[in-house]
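1. coords please:
(chains A and B)
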Amino acid sequence: MFLHIQNVQKSFTNRGKTEQVLKDIDLHIKEGEFVSLLGPSGCGKSTLLSIVAGLTNPSEGSVLIDNQRITKPGKDRGMVFQQAALFPWLSVEENVMFPLKKEMKKKEAREIAHKYLKLVQLSPYAKHSPHELSGGMQQRVAIARALAMNPRVLLMDEPFGALDEQTRMRLHDELESIWLETKKTILFVTHSIQEAVKLSDRIIVMGTHPGTVLKDIQVKIERPREKHIQEIAQYEQMIMELLKTEIDKVAEEEMKYASSY
Amino acid sequence: MRLAIKRIVFFVALFGIWELIIRVFDVPKVMMPAPSDVALSLKESVADGSLFQDVGASFTRLLIGLIIALIIGVLLGVLLAKSKTADETLGALILSLQSIPSIVWLPLAIMWFGLNEKSVIFIVVLGATIVMTINMRTGIKNVAPLYIKAAQTMGSGGIDLFIRVVIPASIPYAVTGLRLAWAFAWRALMAGELLSTGPGLGYTLKYASDFGRMDMVMAIMVVIGVIGVTVDLLIFQRIEKRVMIKWGLEQAA
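-> Residues are numbered from 1 along each chain as shown, chains lettered A, B, ... in the order given. All right, here's what the predicted structure looks like:
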């Protein structure tokens, strides 16, 4: 198995109270698969992604890539955050070259950077500063930067969450074509049912308090998916019902928390 | 353009009224010189070149002091940001030193270095180092955690992370520190020169005062003010603005 999330548990201690965020997460992900982690806020989906990235340690269990245990962040896992996190002191091109600098010559790194900037259709902006780009463009640079180091897995933490609707739609199409072209394994965190159904081969629906896997859904709709509106609606409906009880639970807990003060 | 006109009108009126009051009440020159006296004195010191010598001498000291202060300030700032123990001990000392104007160190400095350039430079260094240290420390402590996480996922860590991410990310604070360090250094320099030895603007000011030449005293005050404002406006504020825009902390106007 390519990526194995093995019986992961995670608890945080907050003001003396221990809270379990992730419980018994066990997932096998195949190479080349586009997998979404979907759930309401507080289901621990971002924490799970952060564990796979190696930025957070699990309380128990482990994550394996090709049977190698993950203990720290590494170039085999590229990460795209909700904010583009481009370095403002570097140009667009230099940002994409950042992860390549130590292992190859500058010229070579620049060639690779240009290849990926071309992939996200931003080669004309190579010499620009990040602040001169729109939010959507910055996020595309972040994707190019993550892909440039040729990772085994691309981890995306609500990458389009901060963008406006039209930009998000366009980037969905773009991400889909990038995925079809590069055949990367993508682990994609989102709270948008639409987004998950539109993009993924497989959706892991997560519940809250503690975060568990509610259901593992294979999305069997042909690509490009826009043409299969009916099937998309069916999937969305199914997931919506699945999550409804969860969302009610979150609302109820928030009420209880508020009234306890 | 309207702003420029407003300002010109204001300053012309100010100098006009000032001149008028001095003439009407016949105020003696040693009490308060008229703008025309100040202008004459300024012209005189430009004509004999003494003004340029003084400015040159003052700037040399300032630059030496400022460079030393920046080097020490950056190193100390990094140390305080990275070591909790240093921050809790040395950091507290530096914060308390901040409330002592650097010029009060002059008596001690004269004992250590003698009544010469070195004492003045010492005062300048003291004045500028502390503010640079504090800003550098804040800058490094406030690097966005997201930058660090992003760099880590790209295989960066340790010294590499520090040099390629933490230091450049803290540049906006460093630039503000630099600007404040210049302002502190300039004030400390004038105080130091006034109480110490020349050549230099402060020393000439004191010299003029000893001979009751208040027109010259005022002329030098004008020069000190103009240089202070010009350097701040033309150099440091510009750099700061550019950095703020590039780092995305401020929108371009």
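
2. Every contact and neighbour count from this point should use C-alpha atoms.
-> Fine.

3. And residue B:123, how far from chain A?
-> Applying C-alpha to the nearest C-alpha, to the nearest Å, the value for residue B:123 to chain A is 34 Å.

4. any idea how chain A splits into domains?
-> A:3-76+A:154-259, A:86-150 (automatic domain parsing).

5. pLDDT on the first one, on average?
-> For domain A:3-76+A:154-259, the mean pLDDT works out to 84.

6. Can you see whether that domain contacts chain B, counting any residue in it?
-> Yes: Domain A:3-76+A:154-259 is in contact with chain B by C-alpha under 8 Å from any C-alpha of the partner chain, via A:53, A:55, A:73-75.

7. what's the farthest-apart pair in the residues you listed?
-> A:55 and A:75 (12.5 Å; C-alpha to C-alpha).

8. what sits against residue A:36?
-> Residue A:36 makes contact with A:187-190, A:196, A:200, A:202-204 under the criterion C-alpha atoms under 8 Å, 6 or more residues apart in numbering or on different chains.

9. neighbour-wise, which of these leads?
-> residue A:189 (28 neighbours; other C-alpha atoms under 10 Å in any protein chain shown).

10. who does the helix or strand where that one lies pair up with?
-> Element membership for residue A:189 (DSSP states H and E) is strand A:185-190. Strand A:185-190 has its sheet partners listed here by DSSP bridges as strand A:34-38 (parallel), strand A:153-157 (parallel).

11. Quick one, which of those strands gets closest to residue B:130.
-> Using C-alpha to C-alpha, the nearest of those to residue B:130 is strand A:153-157, at 41.3 Å.

12. hang on, the earlier thing: looking at residue A:55 and residue A:75, which is more packed in?
-> Comparing residue A:55 with residue A:75 by other C-alpha under 10 Å, the one with more neighbours is residue A:75, at 22 against 18.

13. ok, now which ones touch the spatially most central residue of chain B?
-> Nearest to the geometric centre of chain B sits residue B:183, at 2.0 Å (C-alpha atoms, centre = their mean). By C-alpha under 8 Å, 6+ apart, the contact set of residue B:183 is B:228, B:232.

14. Quick check: residues of the stretch 101-250 of chain B near chain A?
-> So far as C-alpha under 8 Å from any C-alpha goes, the stretch 101-250 of chain B lies against chain A at B:146-147, B:149-156, B:165, B:168-169, B:245-248.

15. So which of those sit within helices?
-> B:146-147, B:149-153, B:168-169, B:245-246 (DSSP state H).

16. Could you dump those into JSON lines and include neighbour count, distance to residue A:85 and pLDDT?
-> Listed next are those as JSON lines, based on neighbours: other C-alpha atoms under 10 Å in any protein chain shown; distance: C-alpha to C-alpha, whole Å; pLDDT from 0 to 100:
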{"residue": "B:146", "neighbour count": "15", "distance to residue A:85": "6", "pLDDT": "91"}
{"residue": "B:147", "neighbour count": "17", "distance to residue A:85": "6", "pLDDT": "93"}
{"residue": "B:149", "neighbour count": "19", "distance to residue A:85": "9", "pLDDT": "91"}
{"residue": "B:150", "neighbour count": "24", "distance to residue A:85": "7", "pLDDT": "92"}
{"residue": "B:151", "neighbour count": "25", "distance to residue A:85": "9", "pLDDT": "92"}
{"residue": "B:152", "neighbour count": "22", "distance to residue A:85": "12", "pLDDT": "91"}
{"residue": "B:153", "neighbour count": "23", "distance to residue A:85": "12", "pLDDT": "89"}
{"residue": "B:168", "neighbour count": "19", "distance to residue A:85": "14", "pLDDT": "92"}
{"residue": "B:169", "neighbour count": "23", "distance to residue A:85": "12", "pLDDT": "92"}
{"residue": "B:245", "neighbour count": "17", "distance to residue A:85": "16", "pLDDT": "85"}
{"residue": "B:246", "neighbour count": "20", "distance to residue A:85": "14", "pLDDT": "84"}
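
17. tell me which of these is nearest to residue B:1?
-> Nearest member of those to residue B:1, counting by C-alpha to C-alpha, is residue B:245, at 24.6 Å.

18. Next one: that closest one relative to residue A:131, how far apart?
-> Relative to residue A:131, residue B:245 is positioned 8 Å away (C-alpha to C-alpha, to the nearest Å).
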